[in-house]
Every structure is written in C-alpha cells, then in structure tokens.
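**Student:** I'll drop the sequence and a predicted model, then ask my questions.
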Amino acid sequence: MKRWANFESREHGHLARQIRHNLWITAALTGMGMVRTAFDWDARHRWALVPLALAIVALLIATRLPWERWATRPRIRTEAAWVYAVALGVLALFSVADPAGTVMFPAGAIAVSVAAATTCGVRDGLWVGATGIAGFVVVMSTHHSPVSLLNASQVCVMLVVVVLCALTTNNRRLQQAQRDEVAYRTSALLENGSDAILAVNTEGVGYVSSSSGRVLGHETGELDLNTLTAMVHPDEKERVSAFLAALIAAPPRHTDRIESRSRQQDGGYIDVEVIGTNHLHDPLIGAVILTIRDVSTQKALHAELDRQAVEDPLTGLPNRALLRDRIGSAARERARTAGRVSLLLIDLDDFKKVNDTLGHMTGDEFLRALAGRISQAVRPEDTLARLGGDEFAVLVEDLDEAGLHRLAQRLLAALREPVRVGGSTLSSTASIGIASVEAGRAGDVDLTDELIRDADLAMYAAKNSGRDRAVVFEASMYAAAVAEAEARTELERALDRDEFVVVYQPIVDLPSGRPIGVEALVRWQHPERGLLGPNEFIAHAERTGLIVPLGAGVLRVACQEMARWHREIPGASGMRVSVNLSARQFQEPGLLDTVRSVLAETGIAPEKVVLEITESMLMVDVDATVVVLHRLRELGVRLAIDDFGTGYSSLSYLSRFPIDILKIDKAFVDGITANREDAALAEAVVGLGRALRLQTVAEGIEDPDQQALLTGLGCTYGQGYLFARPISAGEMVALLHEEMGATMKTSS
C-alpha cells in the first residue's frame, strides 16, 4: 500500500488530473473542428484537416506526459493560462476561416474559459475569458457580421460564463485555503502531540505521523511493517500479533487497546499503550489506525505509588498496610494447618530525646541503622516492618514460645549495641510485646486486628514494667484494657452530665482554730455507686487526659464559690481557696490561659487563689517547671508544694521555685506525737519554711495533741478531720457564718 500523500501533493495530483481532462476535452473540440472542415468547408481549404489531425495526436500524446511532477512548479497555473490564451488564438483563426465561425467560436471559447477556471487562478481566468471575448469581436469583424441581438446575447453569455468561472475559481480557492488550514492544524497537532499515529494494513504502513519518530525513537521513514515487528519485545510478539489479528477481524470501527514494550534505536525498551481502531472497510482510509503512546513515565509513577503504598519511605521496610496484609494471609493459612503465627511489636525507649536533642535528620539516620540491626537479628523468612515513628514489628511463623523468647532477647541485645551516627555515638533500648494466634482457630476469621492489638498491649506492659524487656501477651491485659476503656467512657459521660461535685475542707489558723481558707476537693456523685472519693477515679482521669477538663472545672467552681463568699459572708473577705494541679494539668500548654480565664470570669482576687503542686511534679523537669511557676506567679496567684517531704527535693532547687506555702505531708503528721523522727522531720520542715519565709500547712491533723505539738513547733496553719471533714458548699457557708459570727462577737 502506498503511503498516504500529504495535503500539498494531493493538490498537485488533482491539478495534474484536471490538466489531462482538459487535454482530452481540447482534443474532442479539435475533432469537432475536423468534422466541420470535412463536411462544411470548401474543398480548397480541406488541407486544414492535416494540422487538425496532428493537433489531436499532439494532444493525446500530451495526456501521457508527467503532469504530476510538472504540477509542482510554482508558475504552472500561469503557464497554463497562456496555453489557454494560445488555444483561443488558434480557435479564432479557425473561426475566421469557418463559414459559421461566429456560431462556433463562442462555444469553443466558453469551453476554454471553463477549462481555465479548473486549473488557473481567478486573475488568470479573467484575462483568459477577456481574451476569448476579444477574439469573438475579432471573428465578428472578419465575418462582417452586423451587431445583432444574437451576437450581443452570445457576448453576454460569454461574459456571464467568465464571471461565473471566476467566482467558482475563487470559491474553490477559499475552500482549498480552509482545507489547507485544517490540514496544517491537524499536522501541527500530530507533530507536537504525545502520540504516534500509524495507518497499517496487510500491504504495509500507509501513514506515519511526524511525531512518531520522536515517540518511538526511530526515524519516521524507517517505520515499515518489518521495523514495527522488530520493535516489539520478544516476550510479547505473540500477544501483539494476536491483538492485531483480532482487530483486523473485528467489525468496522471496533476499538481495542493493549500495553507492550517497544525497542528504541539504542536497544532500550519503553512501555507503550497501543489503541487500535479498525477502518479497513472505510474506502478513504482502508487501514487499521494505531495510536501509540509512551506510558513509561506513568507506569514508573504507578509502580512508585504502589511501592510507597506498601513500603516505608525512610527504611525501605514493609509498612503497616503490607504487614496487615501478610498477617491476614499468614493467620488464615496457619489457622487451617494448625500452625502458629506470632507478632513482635518493638517500640524504642525514649527515642523522642534523640530528635529533641540532635534533630530529626540524626533521628532518621539512627532509625535506619536500627532497622538494619533488627533485620540482621530476625530470620530470613520473617517479615520486618516499620509501623511509623520509632515502632517496628516482626511477623514470625511456626516458632514456639522458647524460640520467640530467644528471638526477642536477640533483638533487645542488637538494639543495645551503640550506633555511630554522624559525630555521635547513640544507643537505645526497646520494649517488645509478643502475641500469637492460637493453633486451630477458624481460618476464615480475620485475626489481624486481634494480633496487632494483643502485641500492642504486651508492648505497653513491657514499658510499664521498666522497659528494655519483652512481655508475652496475657488475657488479663486485654481485660485491663477493656476496663480502662470502660472507665474512660464512664468518666466522659460523667463530665458531660456534671456528675462531679466540689467539696471543701477548711484550713485553719492552728493557735486559734479559726478558718483562714479552704481546700477544694472533687468527688464523683455516681448515679449507681453513690459519692466516690478521688481514689476511685483520679488515676483513670490522669491516664486518659480527662483530668485536664476535670481540673479546669474544679478550679472554676471553687473560684466562683469563694468569690461569692467574699461578697456575701461578713468577715470572709480574707479567705483563700486552694486547688490541686495534677501532673497532666501542669504539663498542659493551655494551663496559663485556663487560670487567666477563670480569674477574669469569676472576678476573684488572684492572691486569694492557691495552686497546689506535688513535690515530685516539680522535679520532673526543673528548668521548665521554674518557667511555668514564674508565669503563674505573674498572674498573681499563690503557689504551694503539696505533700512536702515525700519527694526528696534538693534545697538548692527549692530556693529557685517561687513558692509561698509548704504543706507537710499527712504521713509525718500521723506519727508526730509518738515518733521522734516524724516530729523532727516536721520541725525541720517548719524551720525550712521559716528560713525561706514560707507559710507552712500541716495536713491530716486528727487529734488535739497533734495540733498542740505543731503549734509549739511554729507551724502556722493546719487542716484535718479534727477541724472538719470535706463538706459541701452549703455546709461550708453555714460553717463560715458560724465561725465568722463567733469571731466578730469575740472581737466586740
């Protein structure tokens, strides 16, 4: 099959065919002239038959000339116009000799004008037509023909034909310009497109877009059937051949697609997508149209996305998604065969400190090094995955408890080994949780979540047991986790329903027993279990973080009540309220905003609010603690160390804290009358407070002897059951009215 010609060569071919047609028409007109000469001319002039016959022979020979090649000449249309003008001259000479020349010439001139319109431009067609009209005038003058209506009509007809031919030629030119414009746009799109377009059938390649060379890596002229076949990857030749055969046998305009690999000139292969449409039955096309697109980049991107979907980008290990898939497959398979599937969950201890002190880049290098260590410690058939952060997991199949223990110890030992990262030598420990799928479990049950959950619970048990160890999951861990979740849910519900109440225990001046303040304490008015003390819920609230909203609520209620008492109870304006801060509250970034908001909302004087912090909390991060305490003092509140004497704080640290009050722990007060050591410790605390200009408050005073001894030691204030148990706000109001009234009477 010949290659499809471009639009310009097709135009030249059309012009060549039209010239041949015009030669045949001219030969026919010449033949008609021979008939006129033979039958209507005088015998003396019949010698003209010879040149007419020679002219016919010449015209017939001219039809065999290579007009396709000559049609490409830039001036071919102008040259054709001159030939038509010469033909009109010859026709005029013939008509001068012809007795009926005034009748024959217009018909021949019209034929020549029409022929000129098919091969010449508008301008050339007009002057050829004008030449024909001028020739007719000459013919009429030689025949001495008078200007008759017939002759005038013939001139008008010739003029109309010339004008119509000019209009037709102009319309054809405009149409051709539009076709050329469309062809140019199409060619430009194909040239700059990302696809190669080919037209092929059993005879060969009929059309190759100019973009094909760039897309397929071969010169466009090289793309024949043999080259295209050789470009297909050897492993895919049979599949591609079957695709083309099916496409050829398919119904007209059927479209199908296939992906393959195509070899380029350098020997490398690219991934291509081929879309084929059957146009074999279309007479204008007669081929299968193949659109070939280079999809190497897309396939590489998809492969990379697929890889990222199952691979950890930092270590290159399988990620959580791939681990879950493998756990599910292994658990189902081993459950059917009564095998064993185990998961070791590894969490590095205190890894956050590496990121905080050395930066995340060093932390990432450290993680990569530890991942290499772990991969060397596990068996080749085990699956090591990184779950995120500093957490890894090892999926193990068919290993008994003794083997799991040895593997865990091997992992712990490998992680303890120092690692050189940059200019630092780092070491780490880990907590490992181990869980297994029991043999004989149903194979159609998805045990993935259960196995991960159990290993996670065991890992947290290892952390709570001191870290740097491995713990095997036990059913009691799950029961504890369920209980913890239920407790959290119950606490959240209690917060939503305002089931927590604030009670108050007086703080008194020890010598006189007069209340100088209260400590706000929280109780849970449980709808089923009644009033619950702090031991029933504070630990749960601390672990779950619910202590933050709970503590903020206690602070707000206590300040509201004290502000109201200041306004409504005579003599109570000097009372202060003490509120405990938990460790979780103290570490909360929003603590300062919460205190500031409560002070503004309740209108209480800041110096009447005492925030109590345990001694052990102060020693967690001394520098950060000092900053927070100073910012609290800047708000105007007073600060107290609760349970002082149990945290073994350094005196040098204590002098750095902006503290106002020391509270002597109840443990020392209990034995103060019977144990000399407790009495000495209490005396030391009181002396320390006096030296640091701090007030001292003794907690847990339950009998008068304790009160008397503490008063003698110089302790300023105290609280305990001797004076009052924690009571409701209403009871506290009554107590204050009674105490303040008695004080006012004594004063008067």
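**Tutor:** Alright, I've got the coordinates. A quick note: this is a predicted structure, and the numbers were derived from the prediction, not measured.
**Student:** By mean pLDDT, flag the weakest helix or strand of the protein.
**Tutor:** Ranked by mean pLDDT, DSSP states H and E, the weakest helix or strand in the chain is helix 651-654, scoring a mean of 63.
**Student:** State the next helix or strand along the chain beyond that one.
**Tutor:** Once the chain leaves helix 651-654, the next helix or strand it forms, by DSSP states H and E, is strand 661-664.
**Student:** That next one packs against which elements?
**Tutor:** Contact here means 3 or more CB pairs under 8 Å, 6 or more residues apart in numbering; DSSP states H and E; on that basis strand 661-664 packs against strand 638-644, helix 676-691, strand 695-698. For every residue, glycine as well, the C-beta is placed using N, CA and C.
**Student:** what lines up beside it in the sheet?
**Tutor:** Strand 661-664 pairs in its sheet with strand 638-644 (parallel), strand 695-698 (parallel), by DSSP bridges.
**Student:** Am I right that R690 is in contact with G714?
**Tutor:** Yes - with contact defined as CB atoms under 8 Å, R690 counts as touching G714 (6.5 Å).
**Student:** what touches both of the two?
**Tutor:** Jointly contacting R690 and G714 under the rule CB atoms under 8 Å, 6 or more residues apart in numbering are T696.
**Student:** circling back to that earlier point, could the helices and strands packed on strand 661-664 be laid out in CSV, adding distance to N171 and mean neighbour count?
**Tutor:** Below are these laid out as CSV (distance: least, CB to CB, whole Å; neighbours: other CB atoms under 10 Å):
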stretch, distance to N171, mean neighbour count
strand 638-644, 100, 22
helix 676-691, 113, 16
strand 695-698, 111, 26
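**Student:** Next, format those as JSON lines and append distance to G389.
**Tutor:** Formatted as JSON lines, the helices and strands packed on strand 661-664 follow (distance: least, CB to CB, whole Å):
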{"stretch": "strand 638-644", "distance to G389": "35"}
{"stretch": "helix 676-691", "distance to G389": "44"}
{"stretch": "strand 695-698", "distance to G389": "44"}
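**Student:** least reliable of the ones you listed going by mean pLDDT?
**Tutor:** Mean pLDDT is lowest for helix 676-691 among the helices and strands packed on strand 661-664, at a mean of 84.
**Student:** could you dump that helix to PDB, C-alpha only?
**Tutor:** Extracted as PDB, the C-alpha positions of helix 676-691 are listed here (Å, rounded to 0.1, in the frame of the first residue of the first chain):
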ATOM      1  CA  ARG A 676      10.500  11.300 117.500                       C
ATOM      2  CA  GLU A 677      11.800  11.000 113.900                       C
ATOM      3  CA  ASP A 678       8.500  12.200 112.500                       C
ATOM      4  CA  ALA A 679       8.400  15.100 115.000                       C
ATOM      5  CA  ALA A 680      12.000  16.000 114.000                       C
ATOM      6  CA  LEU A 681      11.100  16.000 110.300                       C
ATOM      7  CA  ALA A 682       8.000  18.100 110.900                       C
ATOM      8  CA  GLU A 683      10.200  20.600 112.900                       C
ATOM      9  CA  ALA A 684      12.700  20.600 110.100                       C
ATOM     10  CA  VAL A 685      10.100  21.400 107.500                       C
ATOM     11  CA  VAL A 686       8.700  24.200 109.700                       C
ATOM     12  CA  GLY A 687      12.200  25.600 110.200                       C
ATOM     13  CA  LEU A 688      12.900  25.400 106.500                       C
ATOM     14  CA  GLY A 689       9.700  27.300 105.800                       C
ATOM     15  CA  ARG A 690      10.600  29.900 108.300                       C
ATOM     16  CA  ALA A 691      14.100  30.200 106.800                       C
END
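**Student:** re the thing from before, among the strands paired with strand 661-664, which comes closest to G33?
**Tutor:** With CB to CB as the criterion, G33 lies closest to strand 638-644 of those, at 130.4 Å.
**Student:** how big is the angle separating that closest one from helix 676-691?
**Tutor:** With axes from the mean of the first three to the mean of the last three CA atoms, to 10 degrees defining the directions, strand 638-644 sits at 160 degrees from helix 676-691.
**Student:** For the stretch 201-350 of the chain, which segments count as helices?
**Tutor:** Under the criterion DSSP state H, counting those that start in this stretch, helices of the stretch 201-350 of the chain are mapped to 212-216, 225-231, 237-249, 296-310, 320-336.
**Student:** May I see those helices organised as JSON lines, with mean neighbour count and distance to D593 added?
**Tutor:** Output for these, formatted as JSON lines (neighbours: other CB atoms under 10 Å; distance: least, CB to CB, whole Å):
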{"stretch": "helix 212-216", "mean neighbour count": "20", "distance to D593": "63"}
{"stretch": "helix 225-231", "mean neighbour count": "15", "distance to D593": "70"}
{"stretch": "helix 237-249", "mean neighbour count": "14", "distance to D593": "68"}
{"stretch": "helix 296-310", "mean neighbour count": "11", "distance to D593": "40"}
{"stretch": "helix 320-336", "mean neighbour count": "18", "distance to D593": "36"}
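**Student:** Out of those, which is closest to A494?
**Tutor:** A494 lies closest, by CB to CB, to one member of the helices of the stretch 201-350 of the chain: helix 320-336, at 34.7 Å.
**Student:** Contact partners for R453?
**Tutor:** Y478.
**Student:** For the helix or strand encompassing it, give the mean pLDDT please.
**Tutor:** Following DSSP H and E, one finds R453 within helix 448-464. For helix 448-464, mean pLDDT is 90.
**Student:** Buried ones in that helix, by neighbour count?
**Tutor:** Residues of helix 448-464 classed as buried: 448, 450-463 (neighbour count, 16 or more other CB atoms under 10 Å).
**Student:** Please apply the same query to stretch 400-411.
**Tutor:** L404, L407, A408, L411.
**Student:** residues touching the first one, list them.
**Tutor:** Under the criterion of CB under 8 Å, 6+ apart, the contact list for L404 reads S342, L344, V396, I434, S436, V472.
**Student:** Could you rerun that using 7 Å?
**Tutor:** Residues in contact with L404, defined by CB atoms under 7 Å, 6 or more residues apart in numbering, are S342, V396, I434.
**Student:** Is there a quick PyMOL command that grabs whichever of the residues you listed are buried?
**Tutor:** One line in PyMOL is enough to select the buried members of those, burial here meaning 16+ other CB under 10 Å:
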select buried, resi 342+396+434
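**Student:** Quick check: of the contacts of L404, which lies closest to D350?
**Tutor:** For the contacts of L404, the minimum distance to D350 (CB to CB) is 21.2 Å, reached by I434.
**Student:** most centrally placed residue in the chain?
**Tutor:** Nearest residue to the geometric centre of the chain (CA atoms, centre = their mean): L305, 10.8 Å.
**Student:** Pretty sure T168 sits against T118.
**Tutor:** No - assessed by CB atoms under 7 Å, T168 is found out of contact with T118, at 8.8 Å.
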